[in-house]
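sharing a model prediction with you, sequence too.
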Amino acid sequence: MKKWISALLALVLTAGLCAGCAESEPPSGIYYDITGLDPKETVMEVDGNTIPAEQYLYWVAYNCSSLEYNLGMYNSLYGTYGELFDENGALDWNAAFQGEVTLGQYAKSQAEEAVRFYANIENMAQAQGVALTEADRAAMDETVAEVVEQLGSEEAFQNNLDQMGISRETYDRISSTTYLFDHLVDLVLDESSELFLPLESYGQYAAYADHILLATKDLTTYTDLDEEAVSAKRAKAEELLTQLQNAEDVQALFQELADANSEDTGRAANPDGYVFGKGEMVEAFEDAAFSLQPGEISGIVESDYGYHIILRKDLAQKLEQDTEKRRELAEEHLNSILRGRSEVVYSDKISSLDAGTFYVAYSAAAAAMEAANAPAEGENGTDGADPSTPDAAGDGEQPVTPGSTGGTAE
């Protein structure tokens, strides 16, 4: 989950922020022009934590932009999701997506999930007495200074602020959750904290296993071996399994046999096996590994890659040594808590918001603003295009949608 938090921060920093306005000034900005909502008006509450309209609408625009990019990429590369595009190649936000909901409804629900997740970080941090440190604030200031330098001027920075539609206050609020999240992970690893997760409990998120693979396909070309070669591999797997079943020290012999016989191309980098969660390995391997107890070996498990003999190993012992992996799993545990139930209250003013209609209007307004702010030809050493200007229309690279697992549209 930290990955998509970092992805959001990267997007905000490179795509820009919105200038904050004095309290006495009338409501304004790109979102206000489209929706008529005061950017500072509360439109959502998460366990009492208030969310202003600009933060909510930012997430709607963000999720629509990410969907537009990801779906367009998959359609272009693989010909999938064609039913979601109209004859002009634009996304049809009213098209059915993931069951009975429309694409626009899906984007809106994802935006609200992101808002809820971030608010839950803030709520948990407050409950646990976690706050930004001076080092955190210094790092945030340094990042902003780097962005200003990257954009080339305060004026360019201001233009990007206006285009993205969120104030500096909201930017700081969103980016600060990255640091709060890290501090909460520290508590998951702290034995004195009520958030502490004991080593023996990490098994709910991952398994640790080694295997001997006898491949039934060429692992360079991924073409299947002939029947004779496959039969020979099966026979060898049975021979190795018999040795292991008769061994006094199964784990010692397994290491020896795996080093000598396994054809796993990743073994050099993972000589002791793999720590993996659900969905990270091929199904047959994963199901067999999770069904074993530490110290147990499987029978011969057949997958698309070949024949496996699997040894389940002690995850807790591994994590005592691999602090990086332990922290990664601690983040996953924290994420599961943060995705838990919250009491959410929505303003009637956003209940009727159509995400697709809003995003189309936002894209047009942002593109017009970008064109108006573009430097004249020859400025900044370019032909008129500012390389730091955000791709508001979503047809340039975007980070993955929050909550997804790697850029695929869910």
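Sure thing, it's come through.

now the strands: where do they sit in this structure?
42-46, 49-52, 207-215, 274-276, 297-302, 306-312, 344-346 (DSSP state E).

what number of residues lie near the residue nearest to residue 111 when sequence neighbours are not counted?
Among residues not flanking residue 111 along the chain, residue 59 sits closest, at 3.9 Å (Cβ to Cβ, 6 or more residues apart in numbering). Every C-beta, even on glycine, is put in place using the N, C-alpha and C of the backbone. The number of residues packed near residue 59 is 27, by other Cβ atoms under 10 Å.

one more: residue 85?
Residue 85 has 15 nearby residues by other Cβ under 10 Å.

how far away is it from residue 320?
Residue 85 is 51 Å from residue 320, where distance means Cβ to Cβ, to the nearest Å.

on that earlier part again, show me what contacts the residue nearest to residue 111?
111, 112, 114, 115 (Cβ atoms under 8 Å, 6 or more residues apart in numbering).

now, which of the residues you listed sits nearest residue 357?
For those, the residue nearest residue 357 by Cβ to Cβ is residue 111; the value is 14.2 Å.

and that closest one, how many neighbours?
When neighbours are defined as other Cβ under 10 Å, residue 111 has 23 of them.

ok, residue 194 next?
Residue 194 has 8 nearby residues by other Cβ under 10 Å.

what sits against it?
Contacts of residue 194 by Cβ under 8 Å, 6+ apart are 128, 187.

I'd say residue 309 and residue 297 touch.
Yes: between residue 309 and residue 297 there is a contact at 6.3 Å, judged by Cβ atoms under 8 Å.

so what sits against both of these two?
Each of 241, 244, 254 lies in contact with both residue 309 and residue 297 under the rule Cβ under 8 Å, 6+ apart.

which one (most neighbours) among these?
That'd be residue 254 among the shared contacts of residue 309 and residue 297, by other Cβ under 10 Å, with 23 neighbours.

okay but it is in contact with residue 212, surely?
Yes: using Cβ under 8 Å, residue 254 is in contact with residue 212, at 7.5 Å.

now do the shared contacts for those two.
Common neighbours of residue 254 and residue 212 (Cβ under 8 Å, 6+ apart) are residue 309.

picking that back up, looking at the strands of the chain, which is closest to residue 125?
Proximity to residue 125 (Cβ to Cβ) singles out strand 49-52 among the strands of the chain, at 10.8 Å.

the closest one - which strands sit beside it in the sheet, and in what orientation?
strand 42-46 (antiparallel) (DSSP bridges).

how about the strand it pairs with: buried residues?
By neighbour count on 16 or more other Cβ atoms under 10 Å, the buried set for strand 42-46 is 43, 44, 45, 46.

what does stretch 149-162 give?
Residues of stretch 149-162 classed as buried: 151, 156, 157, 158, 159, 160, 161, 162 (neighbour count, 16+ other Cβ under 10 Å).

for stretch 254-265, same thing?
Quick answer for stretch 254-265 (16+ other Cβ under 10 Å): 254, 255, 257, 258, 262, 264.

try stretch 138-149
Applying 16+ other Cβ under 10 Å to stretch 138-149 flags 140, 144, 147 as buried.

more neighbours, residue 309 and residue 297?
Per other Cβ under 10 Å, whichever of residue 309 and residue 297 has more neighbours is residue 309, with 25 against 21.

ok, the more buried one to residue 224 distance?
21 Å.

just the buried residues of stretch 138-149: which are in helices?
Of the positions in these, 140, 144, 147 sit in helices, assigned by DSSP state H.

count of residues packed around the residue nearest to the first one when sequence neighbours are not counted?
Read that as residue 140. Distances taken as Cβ to Cβ, 6+ apart place residue 175 nearest to residue 140, at 5.9 Å, with adjacent residues excluded. For residue 175, the neighbour count with other Cβ under 10 Å is 20.

can we start the residue count at 7 from this point?
Okay, residue one is now 7; in that scheme the one you just asked about reads as residue 181.

for residue 181, give its distance to residue 318.
In terms of Cβ to Cβ, residue 181 sits 41 Å off from residue 318.

need the contact list for residue 127.
With contacts defined as Cβ under 8 Å, 6+ apart, residue 127 is in contact with 183, 186, 187, 190, 344.

same list, the strands of the chain, but as CSV with distance to residue 254 and mean pLDDT please.
Listed next are the strands of the chain as CSV, based on distance: least, Cβ to Cβ, whole Å; pLDDT from 0 to 100:
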stretch, distance to residue 254, mean pLDDT
strand 48-52, 58, 97
strand 55-58, 59, 98
strand 213-221, 19, 97
strand 280-282, 26, 96
strand 303-308, 14, 97
strand 312-318, 15, 98
strand 350-352, 59, 97
